[in-house]
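Participant: After the sequence you'll find the predicted model.
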Amino acid sequence: MNTHNPRVVILCGGKGLRLGDTSKIVPKPLVKVGHVPILLHIMKIYCHYGFNNFILCLGYKGEIIRQYFSNPPKLPEEFNPNQFRIEFADTGLETDTGGRVKKIEELIEEEDFFLTYADGLASINLKDQYAFHRLGGKIFTMTCVRARSQFGIAKLDRQSTVVDFKQKPYLSQWVNGGFFVCNRKVFDYVGLDDCLEEEPFQRLASDRQLQAYTFKGFWACMDTYKDSMMLNEEWSQKRAKWKVW
């Protein structure tokens with residue numbers, strides 16, 4: 001088993017409905033950030049740390065993703081698809097996240113593998129995360145981040161007077177940042193009909209097999225059209241903190 005170059009599994013099958021009309025034209029992983037699909041940005045982060053062996057779990061408009069890599073457009077050299085080793089897995093149109101993971105079980109021969117979504121970017125050091133996972137000895141390592149509130153937060157006194165106000169502050173709770181490392185024993189916790197973030201996470205936590213890799217650097221998720229616009233602005237203004245390469 002190769003413990004030095006684990007596979008990177010990327011969940012590419014969602015419909016991205018909150019992106020609006022954009023997701024009706026192209027699948028979410030091919031929505032562009034700086035004229036390049038966000039999927040390539042994610043793959044480039046992994047590739048920078050030496051992890052270039054990918055499994056793309058396809059679903060919604062999966063044939064478009066296959067076609068993109070079989071005949072890619074002219075891209076900046078830093079995003080040359082030849083640097084990636086890619087295996088495609090058709091995991092179903094309506095399959096939930098846990099089911100997509102379960103369906104690639106036979107493709108994973110390594111003891112550990114990376115897992116992530118096709119819409120998150122971060123300045124995360126993946127070698128450090130992988131070492132943390134191996135040292136911790138748990139089945140599942142979740143990157144936990146501090147996200148910003150979508151709203152301004154008012155603090156009130158007993159007379160309903162606003163005594164403090166913060167515009168979109170960072171939340172005090174840790175949230176799922178979407179960059180995972182898994183031991184292959186995780187397949188015992190997921191079923192074909194599971195949402196990974198529900199029962200499997202609960203079962204892992206109950207068995208004390210879910211550990212947090214806390215990360216305070218840059219993290220963003222392209223969940224909405226507004227998020228897409230923000231990431232494109234960061235890239236165009238050369239402020240893309242996820243560009244670790």
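Facilitator: Ah, there it is. Given the structure is predicted, the values throughout are model-derived calculations rather than measurements.

Participant: drop to CA atoms for contacts and neighbour counts, all remaining ones
Facilitator: Noted.

Participant: How about residues contacting the top strand by length along the chain?
Facilitator: Among the elements of type strand in the chain, defined by DSSP state E, the one spanning the most residues is strand 175-183. With CA atoms under 8 Å, 6 or more residues apart in numbering as the test, strand 175-183 has contacts from 111-117, 120, 129-130, 133, 138-147, 219.

Participant: Among those, name the buried ones.
Facilitator: Buried members of the contacts of strand 175-183, scored by 16 or more other CA atoms under 10 Å, are 112-117, 120, 129-130, 133, 138-147, 219.

Participant: These in strands, which ones?
Facilitator: Secondary structure defined by DSSP E assigns 112-117, 120, 140-145, 219 of those to strands.

Participant: give me the element the residue of the chain positioned farthest from its centre is part of.
Facilitator: The outermost residue of the chain relative to its centre, with distances by CA atoms, centre = their mean, is residue 159 at 43.6 Å. Element membership for residue 159 (DSSP states H and E) is empty, with no helix or strand holding it.

Participant: hmm, back to that, in a markdown table: the ones in strands among the buried ones among the contacts of strand 175-183, plus pLDDT.
Facilitator: Formatted as a markdown table, the entries for those read as follows, by pLDDT from 0 to 100:
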| residue | pLDDT |
| --- | --- |
| 112 | 98 |
| 113 | 98 |
| 114 | 98 |
| 115 | 98 |
| 116 | 98 |
| 117 | 98 |
| 120 | 97 |
| 140 | 98 |
| 141 | 98 |
| 142 | 98 |
| 143 | 98 |
| 144 | 97 |
| 145 | 95 |
| 219 | 96 |
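
Participant: what lines up beside the helix or strand harbouring residue 56 in the sheet?
Facilitator: Under the criterion of DSSP H and E, residue 56 resides in strand 53-58. Partner strands for strand 53-58, per DSSP bridges, with pairing direction: strand 8-12 (parallel), strand 85-90 (parallel).

Participant: Give the next helix or strand downstream of the lowest-mean-pLDDT helix or strand in the chain.
Facilitator: Taking mean pLDDT, DSSP states H and E as the measure, the helices and strands of the chain show their lowest mean at helix 22-25, namely a mean of 67. Going down the chain from helix 22-25, the next helix or strand is strand 32-33, by DSSP H and E.

Participant: What lies in contact with that following strand?
Facilitator: Contacts of strand 32-33 (CA under 8 Å, 6+ apart): 38, 228, 231-232, 235.

Participant: State the mean pLDDT of that strand.
Facilitator: For strand 32-33, mean pLDDT is 96.

Participant: Would you check the distance separating it from the middle of the chain?
Facilitator: For strand 32-33, the distance between its averaged C-alpha position and the chain's averaged C-alpha position is 15 Å (CA atoms, centre = their mean, to the nearest Å).

Participant: mind listing what it pairs with, with the direction of each?
Facilitator: strand 36-37 (antiparallel).

Participant: Surely residue 129 and residue 213 touch.
Facilitator: Yes. Counting by CA atoms under 8 Å, residue 129 does reach residue 213; the two are 6.8 Å apart.
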